[in-house]
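K.L.:
just coords:
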């Protein structure tokens, strides 16, 4: 039996593993800015060259990117891998949009269920904050702002699921369907009765998550998405 000498791990490799774990767990999300080099040096108790070497390795792996004068950010590598093929699919086969929307609906039901079981007090506070921001956006009668606030609310629910794959998938679909979401709002939210119903549905999702009721949270998400579909079909007829 021949054994190989054990080599001590490089400090930069240990830094890479720590930061990569934060990205995989969803603590560092796509678009998040990493702490400055000096802060990383202070937190990790390592040298600046080791931090720089680790960041270069993460960048080479396609997990982060740098913007001159702004800092270093988490890259949504999974999102790009998902959205690029889907974008081509929709371009060549527009009727596939309903399949993509159906997939998004399924993800949101699952996210609401997981969030009810896993949301921390901070997660619940963020969902509440996004819910209130959505209501404020409607009062301003700014459809684009409302569409953004709606997406932010549902992303907060996805984040509270603490399932990194689900978070990335949901974000990717929102990025892909940005214009579609806005178009849907233009169809639905011009009708006050529809807005009130949707607002109540968002509140039911939020309250079920805060109550830790996974079954009710999933049901509330299903009812919300089914209503959206019904409204869109009515607007198209």
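P.N.:
Structure's in. What do you need? Just so it is clear, the model here is predicted, and its values are computed rather than measured.

K.L.:
This protein: strands as residue ranges?
P.N.:
With DSSP state E as the criterion, the chain has strands at 64-67, 71-74.

K.L.:
Run through the residues that contact the residue lying closest to residue 119 once chain neighbours are set aside.
P.N.:
Sequence neighbours aside, residue 160 is the residue nearest to residue 119 in space, at 4.0 Å (criterion: CB to CB, 6 or more residues apart in numbering). Every C-beta, even on glycine, is put in place using the N, C-alpha and C of the backbone. Taking CB atoms under 8 Å, 6 or more residues apart in numbering, we find residue 160 in contact with 111, 114-115, 118-120, 123-124, 126-127, 209.

K.L.:
Drop anything exposed from those.
P.N.:
Taking 16 or more other CB atoms under 10 Å as the criterion, what is buried in the contacts of residue 160 is 111, 114-115, 119, 123-124, 126-127, 209.

K.L.:
now those as TSV including distance to residue 168?
P.N.:
Shown next, in TSV, are these (distance: CB to CB, whole Å):
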residue	distance to residue 168
111	12
114	14
115	16
119	18
123	17
124	22
126	18
127	19
209	20
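
K.L.:
Which pair of the residues you listed spans the longest distance?
P.N.:
114 and 126 (15.2 Å; CB to CB).

K.L.:
mind listing what's buried in stretch 9-23?
P.N.:
Quick answer for stretch 9-23 (16+ other CB under 10 Å): 11-12, 15-16, 19-20, 23.

K.L.:
Those residues into CSV, with extra columns for pLDDT and distance to residue 194?
P.N.:
What follows is the buried residues of stretch 9-23, written out as CSV (pLDDT from 0 to 100; distance: CB to CB, whole Å):
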residue, pLDDT, distance to residue 194
11, 86, 57
12, 86, 54
15, 89, 50
16, 89, 49
19, 90, 44
20, 85, 44
23, 79, 39
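
K.L.:
Against residue 118, how distant is the one residue sitting closest to the centre of the chain?
P.N.:
Closest to where the C-alpha atoms of the chain average out (CA atoms, centre = their mean) is residue 171, at 3.9 Å. Distance from residue 171 to residue 118, counting by CB to CB, to the nearest Å: 18 Å.

K.L.:
Next: residue 44.
P.N.:
Look at residue 44 and residue 118: by CB to CB, they are 28 Å apart.

K.L.:
again with residue 25
P.N.:
Per CB to CB, residue 25 is found 12 Å from residue 118.

K.L.:
Overlap in contacts, these two.
P.N.:
Residues within reach of residue 25 and of residue 118 at once, by CB under 8 Å, 6+ apart, are residue 162.

K.L.:
Next one: residue 195, what pLDDT does it get?
P.N.:
We have a pLDDT of 75 for residue 195.

K.L.:
on that earlier part again, just name the closest of the contacts of residue 160 to residue 167, please.
P.N.:
Checking these against residue 167 by CB to CB gives residue 111 as the nearest, at 8.3 Å.

K.L.:
The closest one: what's it in contact with?
P.N.:
Neighbours of residue 111 in contact, by CB under 8 Å, 6+ apart: 154, 157-158, 160-161, 163, 166, 170, 221.
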